[in-house]
Every structure is written in structure tokens, then in C-alpha cells.
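Undergrad: got a sequence here, can you build the structure:
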Amino acid sequence: MRIAKILGTLGLVAAMAIGANAAEKKVKWKLAMTWGPTLTPFTTAVENMAKMVETMSGGDFVIRIDAANKHKAPFGVLDMVKLGQYEMAHSASYYWKGKDVNLLPFSTMPFGMTAPEQYAWFYHGGGMELMEKAYAPHNMLSFPGGNTGNQMGGWFRKEIKSLDDLKGLKMRIPGFAGEVLAKLGLTVTNIAPGELYTSLERGTIDALEWVGPGMDIKMGFHKIAPYYYTGWHEPATELQFLVNKKEFDKLSDKNKEILRVAMRLASYDMYIENYHMSTDAWASIATEYPNIKIKTFPKEVLDAMKKANDELLADMAKDQPLLKEILDSQKAYLTKSRAWTEMSDYLYLKDNL
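TA: Predicted structure coming up:
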């Protein structure tokens, strides 16, 4: 595997570093995931990161991973890191809207940037600095933790032909997209990943969104809700590595850099692994899952979503100066980068499909 080859190379680098430097004081950290132990590629990103940290440090920096079934609090990991129960976590920033609205935009926003655009914003457009500023009051750092790319718009029991078909539906959808759909008359909830299928099966919800075909098909949602809609709400969902800043500051400069490099590489590796998974799953849908009906939301519905999104964003940022700063930065970078995305990707696809 590619990651194994990378680990081998990193091992050589680690051996050279250890030979040139005195032995590091051994560091043992714990990481809490929002996910269960089998939810690949989310869990793969965490496992790869921990392996790279251990390899590059020559075994002097070890991170133990606890999945949600062990710590029993999938949406409690932010507080656990903040309080020092865990030094790290792997989750998604938009889950923390109820705790601090300024943390919301660092996962993705409806009708926002694509994954390449968003990564460019993080690392070259001021996104990392704004994320550090937003997490500073919580004495935490947040780093990109793996991107899903453009997510599908969700699984529905019935076809959505008009705005009236949305009204009264109960749907699992997190982040700001939930606010948008609530404004259009849906009852919105957020449910932990391990409870999604059961909630759909029991009728607790009528629809849900998860990720994309690579992760969705194996969850079995299509058996209950066969209408599968294309995306609008999460064009570039970035997961996160949460880090307790006090513990991070205790690390040696070498271990800080090892952690940064491992997180960044594992994040990109998750992005391409997820893309590959969805490529394979999408290719098999027509033949292996003929009951799945691929749909796009009607223009009337998409126009209403966009209108609700714009109104809610303006209202939410009105009394939140930091949130406004973040959203303005994202909007400006989206405008700037989208011109090149259109020229390079859109026109290429348009002319060659």
C-alpha cells in the first residue's frame, strides 16, 4: 500500500533524526473518535496518522485511539479534549455549532467551496489562521482531518418533486444545512453515525444524509429510502483533528512537527481513499442496486435552499464579528478560486463528457 511505503521512508528519516539527536522523552497520548471502529475511511485517517507519528518519532511518541463505542460519547469529544481527558480527537467542526457558532464554517458550508478550493483556502488563503483564532477561547487547536469531497444530498423514502414534499419530513442532517432545511419546513435532527440505520428503519426519521456512495451503500440506507439525491449542502466536508493546546505546547519542536506532518498527510490520504471508494461504489450502483433511484432536487427546491441559506447566513453573522470575518474570507476566496475552477475543471468536463 502507498501508506506503507510512506511509513518505510519515514522510518529511515526517524532513524536519522534519532541518531543525530538525543532520545526524546516518551510521549503517550490518547485520541477519541466521534466514529465507531469500523467506519472507514474516517478511522483509517486516524490510524494512519498515529502510525506515522510513532514511526517518525522512533517509537517515542505514541497515540492510542479510542472509538466511540469505547468512550460512549461521540458528540462529547470536544469537551473531553478541552478538559484534558484526551489529548486529541477526530471529529467534524460543524458538530459544535451549539457550543460556539464560530466553529461551524471549518467543516463545509452549503453551496460553498469544493475540496481543492477549501484546502487552498486553509493553507494559503488564511483559513488556518482563522481556525486557530476561533478555537483559541477553548484552549484547543484544530487541524484539517480528511475531506469527503462533495457529499450526496441524502436518502429519502419518497421522491421530492416540490417544496411541499419537504414540509414535515424528519431528516438527519448536521451543520448549517440543517438550519436551511428547517427554514423550509423540515424537522431536523443530528444522530450519531452508529444509530443512523436503526433510526431510519424504525421511522424516527424519514430521510438522512451521510457521505457518498463509497460510505453509504455499505450502511444499507437504500433498503429503506431508495431515492438518492445529488449534493448541495456539503461540497467539501473537512473532518478535524482536535488537539488540546496545553498538551501540544508541551511537545518538543520535533514532535510538534511530526504531528503536523502526520495529520496533513493522513488527511489527504483519506480524501483520495474516499474518492476511490465512491468511484467503485458508483460504478456498481446500476447493476448491483437497481432499486436505487438517482435524483436531483428540482430547481424550485434548490432556489429556495439558496435563498434560505443567504438569509440565514446574513442574520447569523450580524452580531458575530469573528463569524462574519470567517464567512467573508471564505466568500472572497470562493469568488477568486471559482474563476479558475470553472476555467480548468468545469470547461474541461463540459467539453469532454
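Undergrad: any buried residues in whatever helix or strand residue 347 lives in, and which?
TA: Per DSSP states H and E: residue 347 is located in helix 347-352. Of all the residues in helix 347-352, not one is buried under the rule 16 or more other CB atoms under 10 Å. Glycine gets a C-beta too; all of them are placed from N, C-alpha and C.
Undergrad: what comes into contact with it?
TA: The contact list for helix 347-352 (CB atoms under 8 Å, 6 or more residues apart in numbering) is empty.
Undergrad: ok, stretch 127-139 next?
TA: When contacts are defined by CB under 8 Å, 6+ apart, stretch 127-139 is touched by residues 78, 82, 100, 102-103, 106, 118, 121-122, 141-142, 244-246, 322, 325-326, 329-330, 333.
Undergrad: in helices only, show me those residues.
TA: 78, 82, 118, 121-122, 245-246, 322, 325-326, 329-330, 333 (DSSP state H).
Undergrad: which one among those residues gets closest to residue 185?
TA: For those, the closest approach to residue 185 (CB to CB) belongs to residue 330, at 27.3 Å.
Undergrad: what ranges do the strands span in the protein?
TA: Secondary structure of the chain (DSSP state E): strands at 27-33, 61-66, 88-92, 140-147, 154-156, 170-172, 187-189, 207-208, 227-229, 238-244, 293-295.
Undergrad: who are the packing partners of the longest one?
TA: Contacts of strand 140-147 with other secondary structure elements, assessed using 3 or more CB pairs under 8 Å, 6 or more residues apart in numbering; DSSP states H and E, are made with helix 42-56, helix 77-82, helix 115-124, helix 127-135, strand 238-244, helix 245-250, helix 253-288.
Undergrad: quick one: that strand to helix 127-135, angle?
TA: Interaxial angle of strand 140-147 relative to helix 127-135 (axes from the mean of the first three to the mean of the last three CA atoms, to 10 degrees): 130 degrees.
Undergrad: need the strands of the chain in a markdown table with distance to residue 52, can you?
TA: Shown next, in a markdown table, are these (distance: least, CB to CB, whole Å):
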| stretch | distance to residue 52 |
| --- | --- |
| strand 27-33 | 13 |
| strand 61-66 | 10 |
| strand 88-92 | 14 |
| strand 140-147 | 14 |
| strand 154-156 | 34 |
| strand 170-172 | 33 |
| strand 187-189 | 36 |
| strand 207-208 | 33 |
| strand 227-229 | 35 |
| strand 238-244 | 12 |
| strand 293-295 | 38 |
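Undergrad: identify each buried residue in stretch 193-205, please.
TA: Residues of stretch 193-205 classed as buried: 193-194, 196-197, 199-200, 205 (neighbour count, 16+ other CB under 10 Å).
Undergrad: that one: how far from the chain's middle?
TA: 21 Å (CA atoms, centre = their mean, to the nearest Å).
Undergrad: and if you look at stretch 210-229?
TA: Computed by CA atoms, centre = their mean, the chain-centroid distance of stretch 210-229 equals 18 Å.
Undergrad: over to stretch 329-339?
TA: Here the centre of stretch 329-339 is set off from its chain's centre by 20 Å, with CA atoms, centre = their mean.
Undergrad: same question, stretch 289-308
TA: Remark: stretch 289-308 is offset 22 Å from the chain centroid, using CA atoms, centre = their mean.
Undergrad: in it, what's buried?
TA: 292, 295, 297, 301, 304-305, 308.
Undergrad: and what of stretch 323-338?
TA: Judged by neighbour count using 16+ other CB under 10 Å, the buried positions of stretch 323-338 are 323-327, 329-330, 333-334, 337.
Undergrad: adding distance to residue 130, write those residues out as a markdown table.
TA: Formatted as a markdown table, those follow (distance: CB to CB, whole Å):
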| residue | distance to residue 130 |
| --- | --- |
| 323 | 10 |
| 324 | 11 |
| 325 | 7 |
| 326 | 5 |
| 327 | 10 |
| 329 | 6 |
| 330 | 9 |
| 333 | 11 |
| 334 | 14 |
| 337 | 16 |
